[in-house]
Structures are given as structure tokens and as C-alpha cells.
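Student: This is the structure alone, sequence omitted:
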């Protein structure tokens, strides 16, 4: 067999790059095109904002793994962290193939991979689940509030989940998430919240210090992008987000499947 290599975690203060994309959803050729661009930037890890498959069955998962392990060797060389999308078997509960096939960090409180967090260097990452209760008093909300308190020492905080708090795309914004979760993100100084669900790219203006990104251009048929005053940049394309963290800078480039740069911005701390 072939030997594969991977990079280990970085020390606090060390620079690193990660990639974020979502919604490949059983659109093989488009997905592989995005993965090939991701491989070129050699990220330390990949975040997927959900809808890895269109239906949670063996066939579609075989296709997903074929894209990341046969057509490219992304899956053999780069760790992938995923948030659960509405197509990823939410109706199957803990029996979802999503939870069986993917090995994610374990939520210490619940022993579940439905939502979780991890640290890399000076950065803290939180994966939330749009399809489990998240209102105040729910396990997810209490866990999130506690997790944000515990991670206060980290310079950079990033959240990823499937349904966007702010979007003009086909499915719009999840107003409940916005009402309930954004105050927590604002208070904790979260830098970027990444979502998918709408198949396009969108970046908001900073809203009370937080930038919201929709990156659902991983392969599925695209949705139209609508211009509005709180959107800083948007387009309908297959793409991923390249995020580079150095000591006081978070530099983001949106790279299309053809390698062109669609948008870039920087956040400083």
C-alpha cells in the first residue's frame, strides 16, 4: 500500500492554514474540483459545514469517500472536521452514518460527536448542530456557553454549523439561531461563524464584531447570491475558504474551483 503523511498540531503562536467548505452533496465532479484546489494550499485540516451527502445511505457515503480517498488523497492526508447538515441523516439520530463513518472529537459532556470543540495553536474551534435543540436550557446551549467561557484565553475563536445566521440564499437566514446564539458569539469575541446550507459564498459586514460566512459551494447545484447592505461580498460559485492564522492576523481568501480568488479579507487581533 501507499504511505501517506500528515501534519501534527502546531504550538501556540505558530502560523497555520486551514480550509473551510460545505455542501458537496453527491456532486462528484464539482466536489473533486474543489478538493483539488484545497490540496494545493496544503491546509493543516479541513472544516466541512455540512451536507457531505444528499441522503444518509451507503451509496452516497461511498461516493463521498471516493472523492476524498480515491480521486484525491485529501482524506488520507488531511484531518476533516464536519458539522452535521440536514442531509446527513439527522432523522437517524445517533444511528446516522455521518456519526458512524466520521471520527470527530468527542463532546466530553455528552460523549457524542453531534457537536464538539477543539484547539489548534492560538485558536479555538466549535462545531454546532443546527438540528439538535440549542435554546437556553438545552444541553447544546449550556455546553456552548460553558465552552466559550473556558476558551476565553484563546486569541481566535471560530464557529461552524450548517444553517447560516445571516444569508440571502435560497433557504435564507436561520432567525432562531441568530436570536439565540449570536449574543453568545458577540460576547465571547468569536471572529468568524462559518455555515453552509445555501449553495453560494457570502460574507457579512462585521455584525457586532463577528463576521458571518456562508460557504456552501462544495459541489451541490448553486443558488443565486442577492446583494444587500449587510453583505460585504457574495457570489454563486463552487469554492472553498483558505484561512491563514499568524500571530495577530487572520487572512482569508475565497478560492474558486478554477483557482481564481473570489474574495479576500483580513481580521486583526
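Tutor: That came in fine, so what should we check first? Bear in mind that the values here come from a model prediction, so they are computed numbers and not experimental data.

Student: what are the ranges of the helices in the stretch 101-250 of the chain?
Tutor: Assigned by DSSP state H, counting those that start in this stretch, the stretch 101-250 of the chain shows helices spanning 139-150, 175-188.

Student: what about stretch 228-237, average pLDDT?
Tutor: Averaged over stretch 228-237, pLDDT sits at 97.

Student: Name the residues that touch that stretch?
Tutor: Stretch 228-237 is contacted by residues 166, 168, 199-205, 207, 217, 222-227, 254, 256-257, 262-263, 265 when judged by CB atoms under 8 Å, 6 or more residues apart in numbering. Quick note: C-beta positions are derived from backbone N, CA and C, even for glycine.

Student: Just the buried ones from those residues, in PyMOL syntax?
Tutor: In PyMOL, this line selects whichever of the contacts of stretch 228-237 come out buried by 16 or more other CB atoms under 10 Å:
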select buried, resi 166+168+199+200+201+202+203+204+207+217+222+223+225+254+256+257+262+263+265
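
Student: Which of the helices and strands in this protein ranks last by mean pLDDT?
Tutor: Among the helices and strands of the chain, helix 97-101 carries the lowest confidence by mean pLDDT, DSSP states H and E, at a mean of 90.

Student: Sort out which residues of it are buried, please.
Tutor: 97-99.

Student: helices or strands up against it?
Tutor: When contacts are defined as 3 or more CB pairs under 8 Å, 6 or more residues apart in numbering; DSSP states H and E, helix 97-101 packs onto helix 58-66.

Student: Centre of the chain to the helix it packs on, how far?
Tutor: Computed by CA atoms, centre = their mean, to the nearest Å, the chain-centroid distance of helix 58-66 equals 20 Å.

Student: If you average the pLDDT over that helix, what comes out?
Tutor: Mean predicted confidence for helix 58-66 is 94.

Student: what do you get for stretch 191-203?
Tutor: Stretch 191-203 comes out at a mean pLDDT of 98.

Student: before we move on, what about stretch 32-47?
Tutor: 97.

Student: ok, residues contacting that stretch?
Tutor: 7, 9-10, 16-21, 24, 67-68, 71-74, 78-83, 120, 125, 127, 160, 194, 217-219, 238-240, 242, 255-259.

Student: Got the phi and psi for the most centrally placed residue in the chain?
Tutor: Closest to where the C-alpha atoms of the chain average out (CA atoms, centre = their mean) is residue 49, at 3.5 Å. Torsion angles at residue 49 (phi, psi; degrees, to the nearest 10) stand at phi -80, psi 10.

Student: Roughly how far does it sit from residue 269?
Tutor: 23 Å (CB to CB, to the nearest Å).

Student: And the helices of the stretch 101-250 of the chain: which comes nearest residue 107?
Tutor: Checking the helices of the stretch 101-250 of the chain against residue 107 by CB to CB gives helix 139-150 as the closest, at 6.7 Å.

Student: List the buried residues for the closest one?
Tutor: For helix 139-150, by 16+ other CB under 10 Å, it's 139-141, 143-144, 147-148.

Student: And stretch 125-136, by the same measure?
Tutor: 125-132, 134.

Student: returning to that earlier point: kindly present the buried residues of helix 139-150 as JSON lines, with separate columns for distance to residue 233 and pLDDT.
Tutor: Output for these, formatted as JSON lines (distance: CB to CB, whole Å; pLDDT from 0 to 100):
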{"residue": "139", "distance to residue 233": "35", "pLDDT": "93"}
{"residue": "140", "distance to residue 233": "30", "pLDDT": "94"}
{"residue": "141", "distance to residue 233": "31", "pLDDT": "96"}
{"residue": "143", "distance to residue 233": "32", "pLDDT": "95"}
{"residue": "144", "distance to residue 233": "28", "pLDDT": "97"}
{"residue": "147", "distance to residue 233": "29", "pLDDT": "96"}
{"residue": "148", "distance to residue 233": "27", "pLDDT": "98"}
